[in-house]
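A.B. asks: Return a 3D structure for these sequence lines:
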Amino acid sequence: MRGAGAEQLPALVRSVLETSVSKNVLRFFYALGFKLDYELLRVGFLFRFHKGVPITATVTSICKIPKLHAVDEAVPATPGIHLVEITAPASTDNYNEVVAAIASFAEYLAPLLHLSKPGVVTGVVPTASSAAASLTSRGVTKLA
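C.D. replies: Residues are numbered from 1 along each chain as shown. Okay, the predicted model is just below:
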């Protein structure tokens, strides 16, 4: 969702398209001209809840992969820090209901952690900036 109303919502609302892919999806992206700059592995848990709307919560940690596709050699990039994401499917008809359910779920988790919209820095722990630096410290130069 965009516009003035989007800023007032307690959650980010965005369009997502999911599709199945075959095991040669990397070759397809290479054929389109994409280049693989870095690889990360998310390790964690997925939980599903139903509080009026189906809610999915993921708790993951990010691992660096030192060599291309060497998943077995993954090293934790941010030891002791986990990424918590709360998602729910929404349509134009029910996004207010979905946002309210996610906000309610975030309030339920408030004693344990602080959930915020991406880009909102309130509640970010001091080590988060060092965690972000660790993720991008592989020596990859980003082109503008």
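A.B. asks: Lowest-scoring secondary structure element of the protein by mean pLDDT?
C.D. replies: Lowest by mean pLDDT, DSSP states H and E among the helices and strands of the chain is helix 127-135, with a mean of 49.
A.B. asks: Do a quick rundown of the helices in this structure.
C.D. replies: In the chain, the helices defined using DSSP state H lie at 4-8, 25-32, 95-109, 127-135.
A.B. asks: Export only the CA atoms of the second one, formatted as CSV.
C.D. replies: These are the backbone C-alpha positions of helix 25-32, laid out as CSV (Å, rounded to 0.1, in the frame of the first residue of the first chain):
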residue,chain,number,x,y,z
VAL,A,25,16.4,-21.4,-11.7
LEU,A,26,19.9,-20.0,-11.3
ARG,A,27,20.7,-20.8,-15.0
PHE,A,28,17.5,-18.9,-15.9
PHE,A,29,18.5,-15.8,-14.0
TYR,A,30,22.0,-15.9,-15.5
ALA,A,31,20.5,-16.1,-18.9
LEU,A,32,18.4,-13.0,-18.1
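A.B. asks: comparing the helices of the chain, which gets the lowest mean pLDDT score?
C.D. replies: Ranked by mean pLDDT, the helices of the chain bottom out at helix 127-135, with a mean of 49.
A.B. asks: Just grab the bridge partners of the residue positioned nearest the centre of the chain for me.
C.D. replies: Centroid-nearest residue in the chain: E85, 5.8 Å away (criterion: C-alpha atoms, centre = their mean). According to DSSP bridges, the residues that bridge with E85 are T58.
A.B. asks: need the contact list for the closest residue to H69 other than its chain neighbours.
C.D. replies: Nearest residue to H69, sequence neighbours excluded (C-beta to C-beta, 6 or more residues apart in numbering): E39, at 7.2 Å. C-beta here means a position set from N, CA and C on the backbone, and glycine is covered the same way. Taking C-beta atoms under 8 Å, 6 or more residues apart in numbering, we find E39 in contact with I65, L68, H69.
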